[in-house]
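> What follows is a predicted structure for the sequence shown.
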Amino acid sequence: MKKLFLIVIPTLLQFSFTAASTPLLSSLPSAPATLYLDFDGYLVQSSSWNGGLPLDCAPSGLTDAQIIEIFNRVAEDYRPFNINITTDSSVFLAASLTKRMRIIITPTSGWYTGVGGVAYTGSFTWGDDTPGFVFPDRLGPNNTKMVAECCSHEAGHTVGLSHQSTYDSSCNLLDVYNLGGGTGQTGWAPIMGDSYYKNFSGWYNGPTPEGCSSDEDALTVITTTNGFTYRPDDHSDDPSVNPTPISINNNVFADSGIISTSTDKDAFKFNLTLPGELHLDANPFSVGPHNEGADLDVKLSLLDSAFRVLHIYASDSILNASLDTVLQSGVYYLVVDGTGNSNTSNYGSLGSYNLSGSYTPLSTLAVNAVTLQGAVNNGKSVLQWYITSDEPGSAVTLESSPNGVNFSTVTALPAGSVTYSFTPAKAGEIYYRIKVVYSMGQTIYSNVIALKIGEPNMLFKVSKTTNDQVTIHAAENYNYRIVDMTGRTLQAGQGTPGMNTINISNTPNGIYLFQITSNDQRLTERIVRL
């Protein structure tokens, strides 16, 4: 017999809207499995719903623009998998009975009160077309972000997922629906929690309402119990094995890719025939400005011809990544993958992205190298550089940047200078490069290096090595999470100013991430339990 686990999602405001036609969209037509977002209205005749009585569901009442945005958001949530998200009923009907699901988006909600959506756990493979439901009249109403999150959430139940919850350090249930954390672009919540109010939602490995130790590995459940797995990889993971070549035409280039697992990487190769300035933007898929609806937090790694990492580009406050640097001629590699931030790990940082950039050759000089090196000594940035040229430079300038993209002048140095040291005005990671100008107006830049000065997180100090408890010295109130290296949350709670201790005696020995969020700071520290 089927085990019927009925799943609901919380209710929001109620309203109704005028129906609109449905654009016919499909995200991956070649996939063996299909998720149908039904905006058209449907007569449901199923013993599982409405007491077995027929249920005449009205069309969604959403506009074409709203339907397209909802489709795009849901398609991006399911982008890592070999499943087609569609709004076309003929595509759904052509799919295998045991590899398809209909989610009906309808304002016909009075028959099931008090929820924003409802579905049966595991019903994707039942083979009897038992649908799930999303009620847009109770979501906003008709808020595209909320409707899309509810569609992905209810579809998540049909592929076998439970709700994901949060607990305190004593395993007391705090929230049946994990509310996530953070604000702005990187404010995060799990799809199977309450992701209505966070921009960055994704799949998660964490506890369910069954208990603080009953973790659910969402990606494994989806890809092992429904007759489909991850979509085929689109780029080599290894820059030394068949990286995708990037062609630069008229000084510009573009490419794209999909990060489908937490270990997936996309490797690209480009060959620069002249020294020049390289600018590149890696933007996750989004449905609006500020990376709205993005599921991927992008990290870029730039490697030289010997596969040595020159620099890693990522941000804790935005989901896209950019690089802006000057390179000598030669072969370089770019590796794109998903990363975590102070709100979550890289477990569910998955999805599609676009690369775009420009390469501007610099005026040719008899220069073999402009190489910058640096170190930190007693809070000072100590810099040294080497210039090989047939003529001396007329001016040397040291430039710095807080992000490796936008540089400004630190100081102008005498011609022939090769060293400089100073104490930066601010602590934290600072990027440096040297600019050399020659008498004919020609300019050469060095490579970019990053130095980390001082202690950027003075509001909190966390004990890094411990046996039974973690000690935190805090300057203000904060929230914390202890996360293992798979992204699973082991503990979560709050702390107050002063010295706080957190008991981890029930945690196995190993390495964990301790994440702190307050009004003024975000801090992630590695802790080791011995």
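Yep, it's here.

> for the helix or strand containing Asn84, packing partners?
Taking DSSP states H and E as the criterion, the element that holds Asn84 is strand 83-86. Other elements packing on strand 83-86 under the criterion 3 or more CB pairs under 8 Å, 6 or more residues apart in numbering; DSSP states H and E are strand 33-38, helix 64-77. In this view, the C-beta of every residue, glycine as well, is placed from N, C-alpha and C.

> what sits up against the last one?
With CB atoms under 8 Å, 6 or more residues apart in numbering as the test, helix 64-77 has contacts from 20-23, 25, 27, 35, 37, 39, 60, 62, 85, 87, 105, 142, 144-145, 147-149, 151-152, 155, 191, 201-203, 285, 287, 293-295, 351-352.

> List buried residues within those.
Among the contacts of helix 64-77, those that count as buried by neighbour count (16 or more other CB atoms under 10 Å) are 20, 22, 25, 27, 35, 37, 39, 60, 62, 85, 87, 105, 142, 144-145, 147-149, 151-152, 155, 191, 201-203, 285, 287, 293-295, 351-352.

> Could you say which of the helices and strands packed on strand 83-86 is packed most deeply?
Mean neighbours per residue, mean count of other CB atoms under 10 Å, is largest over these for strand 33-38, with a mean of 25.

> who are the neighbours of that one, in terms of helices and strands?
For strand 33-38, where contacts count as 3+ CB pairs under 8 Å, 6+ apart, the packed elements are helix 64-77, strand 83-86, helix 89-94, strand 100-105.

> do that again at 7 Å, thanks
Contact here means 3 or more CB pairs under 7 Å, 6 or more residues apart in numbering; DSSP states H and E; on that basis strand 33-38 packs against strand 83-86, helix 89-94, strand 100-105.

> okay, these in TSV with distance to Val382 and mean pLDDT next?
TSV is the format used below for these (distance: least, CB to CB, whole Å; pLDDT from 0 to 100):
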stretch	distance to Val382	mean pLDDT
strand 83-86	54	98
helix 89-94	62	97
strand 100-105	60	98
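
> nearest to Gln45, of these?
strand 100-105 (12.8 Å; CB to CB).

> Partner strands of that closest one, with direction?
According to DSSP bridges, strand 100-105 has the following sheet partners: strand 33-38 (parallel), strand 132-134 (parallel).

> hey, C-alpha coordinates of the strand holding Asn84 in CSV?
Coordinates of the C-alpha atoms in strand 83-86 are reproduced here as CSV (Å, rounded to 0.1, in the frame of the first residue of the first chain):
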residue,chain,number,x,y,z
ILE,A,83,14.3,16.7,-15.0
ASN,A,84,12.3,18.9,-17.3
ILE,A,85,10.2,21.7,-15.7
THR,A,86,7.4,22.5,-18.1
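
> show me the contacts for the closest residue to Pro29 other than its chain neighbours.
In this structure, Pro29 finds its nearest non-sequential neighbour in Asn84, 5.9 Å apart by CB to CB, 6 or more residues apart in numbering. Counting by CB atoms under 7 Å, 6 or more residues apart in numbering, Asn84 makes contact with 26-29, 31, 33-34, 91.

> can you check Phe92 too?
34, 36, 86, 100, 102.

> Try it again at 10 Å.
By CB atoms under 10 Å, 6 or more residues apart in numbering, the contact set of Phe92 is 34-38, 84, 86, 100-102, 129.

> And for Leu334?
Contacts of Leu334 by CB under 10 Å, 6+ apart are 239, 243-244, 246, 255, 266-270, 278, 280, 282, 300-303, 313, 323, 355, 357.

> domain assignment for the chain?
What automatic domain parsing lists as the domains of the chain is 6-224, 244-361, 367-453, 460-529.

> between the ones you listed, which one is nearest to Tyr230?
Short answer: domain 244-361, nearest of the domains of the chain by CB to CB, at 4.9 Å.

> one step back: can I get the strands paired with strand 100-105 in TSV with distance to Ser214 and mean pLDDT?
Formatted as TSV, those follow (distance: least, CB to CB, whole Å; pLDDT from 0 to 100):
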stretch	distance to Ser214	mean pLDDT
strand 33-38	26	98
strand 132-134	23	98
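
> Which of these sits closest to Ile259?
When the strands paired with strand 100-105 are compared by CB to CB, strand 33-38 sits nearest Ile259, at 20.1 Å.

> Format the CA atom coordinates belonging to the closest one as CSV.
The C-alpha trace of strand 33-38 is given here as CSV (Å, rounded to 0.1, in the frame of the first residue of the first chain):
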residue,chain,number,x,y,z
ALA,A,33,11.4,13.0,-15.8
THR,A,34,8.9,15.9,-15.9
LEU,A,35,7.5,18.4,-13.5
TYR,A,36,4.5,20.1,-14.9
LEU,A,37,3.5,23.5,-13.5
ASP,A,38,-0.2,23.6,-14.4
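
> immediately after it, which helix or strand?
Following strand 33-38 in sequence, per DSSP H and E, is strand 42-44.

> partner strands of whatever helix or strand comes next after that next one, parallel or antiparallel?
Next along the chain after strand 42-44, taking DSSP H and E as the criterion, comes strand 55-57. Strand 55-57 pairs in its sheet with strand 42-44 (antiparallel), by DSSP bridges.

> Mind listing what's buried along the strand it pairs with?
42, 44.

> neighbouring contacts of that strand?
Contacts for strand 42-44 (CB under 10 Å, 6+ apart): 50, 53-59, 89, 102, 104-106, 108, 111, 129-131, 133.

> switch to 7 Å and redo it
54-57, 104, 131.

> quick check, nearest of these to Ile430?
Among the contacts of strand 42-44, and counting by CB to CB, the member closest to Ile430 is Ile104, at 54.0 Å.

> how much space is there between Asp281 and Asp295?
Distance, Asp281 to Asp295, using CB to CB, to the nearest Å: 18 Å.

> hmm, I was thinking of Leu174
25 Å.

> Check for me that Cys151 belongs to a helix.
Yes. Counting by DSSP: H, G, I helix; E, B strand; the rest coil, Cys151 is part of a helix.

> Can you give me every residue that contacts it?
37, 70, 74, 103, 105, 134.

> Many thanks, I have nothing further to ask.
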